[in-house]
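# what follows is a predicted protein model with its sequence.
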Amino acid sequence: MTDLKWVEIDLAAIRANLRWVRSRLSPGAALMAVVKADAYGHGAAAVARQAVANGASCLGVLTTAEAEALRQSGIAAPIVLLAPIVPPNAAQVARLRLTATIDDLDQAAALDRAAKRERLGVHVDLDFGLGRWGLPPRRLAAFLDALRRFKRLEFKGLSTHIDYVAGKNAVEAEEKLRSFAKLAAAAKRRHPGLLAHAANSSVLLDFPHWQLDMVRVGNLLYGINAAKAKTDSLKNPWTFQARIIALHDVPRGRSIGYASEYVAARAMRVATLPAGYADGLTMEPAERLISFGPGFQYWGTLRGVRTPFIGRVGISHVLVDVTDVKDAAVGEAVALPIRRTAASSNLPRRYL
């Protein structure tokens, strides 16, 4: 059977991005490969294997379910839960040999009860303004004192994720990173070997002097750069393609598509593709990554030629203008823009 739509993932591009990231690291800085959200849609197990084989010291996920899937795929590398656990999942953390993130003593107590033969490593997360989770920095000293009573836990890391957006709050970000580094330095005097980490992909590029002990990289592994610093060295490992299933000649002045909203401005050749918003098509990325100005139009690409979308995208189809593609044919594949994390998990993945 021939797939009508699929995602191609170039593992060589991911390996190249991993090497590029490692070339940016300071001596002694470790690399965490972030593979949450199914590795941003690329396939967590496949990306995790590439990351571990190419220098990542650990993997980052959000939930115990994501970690469970990696373990079931045979991934034995250290896995860090980036979000604080919920106490009922403590036993799963112990069984899967995970490093948990905590910001509450109830979480610590649950992990301490769940630990059996081995001590469980924990990272304490601080909230410097993002507001999603994390301990207020002023409470860190008292929290670490209280953490000492849990003898089966090992305090292994101190983390934060600042609310930095490139081009928006660089001065504030610098101040927060400096404040975090001071707290981390004080904690490391009492806990030698502690890993301090605050740098994600954007911080690595725009504030490389704050790599600290470890860098958490997600976007850059997948060829995505949301930082102010630009690079042409990253490779895009992702392509979403759909085959033409129908072709129609549309005369100038004819309306086409839902609500007859689109009127052909010229004689056109129109292709139907079996992909729509159920697949994640036109699920726009954040405003900071792409700007939708007046007259913005999505397009696909066929043989290197842009094929603009026509009318509204349906649940399972889209029309594109292939007038400028000579002899476009049914069965040809058109590359389409799609937000990777919005791409349906039902789309076949082909690894190159």
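Looks like it arrived, so ask away. Numbering: from 1, shown residues only.
# list the contacts for the nearest residue to residue 128 once chain neighbours are set aside?
Distance criterion C-beta to C-beta, 6 or more residues apart in numbering; nearest residue to residue 128, sequence neighbours excluded, is residue 176 at 4.5 Å. Yep, even glycine has a C-beta here, placed from its N, CA and C like the rest. For residue 176, the contacting residues are 128, 129, 160, 162, by C-beta atoms under 8 Å, 6 or more residues apart in numbering.
# out of these, which are buried?
Neighbour counting over the contacts of residue 176 (16 or more other C-beta atoms under 10 Å) leaves 128, 160, 162 as the buried ones.
# how much space separates the residue nearest the centre of the chain from residue 119?
The residue lying closest to the centre of the chain (C-alpha atoms, centre = their mean) is residue 40, at 4.0 Å. In this view, residue 40 and residue 119 are 32 Å apart by C-beta to C-beta, to the nearest Å.
# show me the contacts for residue 329.
For residue 329, the contact set (C-beta under 8 Å, 6+ apart) comprises 244, 247.
# and the one 5 residues further on, by the same measure?
When contacts are counted by C-beta under 8 Å, 6+ apart, residue 334 is found next to 241, 242, 243, 244, 271, 273, 300, 301, 302, 307, 320, 322.
# make sure the first one is indeed in a strand.
When you say that, I think you mean residue 241. Yes: applying DSSP: H, G, I helix; E, B strand; the rest coil, one finds residue 241 inside a strand.
# which non-adjacent residue is nearest it?
residue 333 (4.3 Å).
# now the one you found, which residues is it bridged with?
When bridges are called by DSSP bridges, residue 333 pairs up with residue 243.
# neighbours of it, how many?
20 (other C-beta atoms under 10 Å).
# thinking again about what came up before, from the contacts of residue 176, which is closest to residue 52?
Lowest distance from residue 52 to the contacts of residue 176 (C-beta to C-beta) belongs to residue 160, with 25.0 Å.
# surely the closest one touches residue 134?
Yes: contact criterion C-beta atoms under 8 Å: residue 160 and residue 134 qualify, at 6.6 Å.
# shared neighbours, the two?
Common neighbours of residue 160 and residue 134 (C-beta under 8 Å, 6+ apart) are 125, 126, 127, 128.
# which of these tops the neighbour count?
Result: residue 126 is most packed of the shared contacts of residue 160 and residue 134 (other C-beta under 10 Å), 25 neighbours.
# from residue 150, how far off is it?
Shown here: residue 126 relative to residue 150, a distance of 19 Å by C-beta to C-beta.
# so where is this structure shaky, pLDDT-wise?
The model of the chain has pLDDT under 70 over residues 1, 283-296.
# now do the helices in it.
For the chain, the helices defined by DSSP state H cover 11-24, 36-40, 44-53, 64-72, 90-96, 105-114, 140-147, 170-190, 201-206.
# got the contact list for residue 169?
Residue 169 makes contacts with residue 163, as judged by C-beta under 8 Å, 6+ apart.
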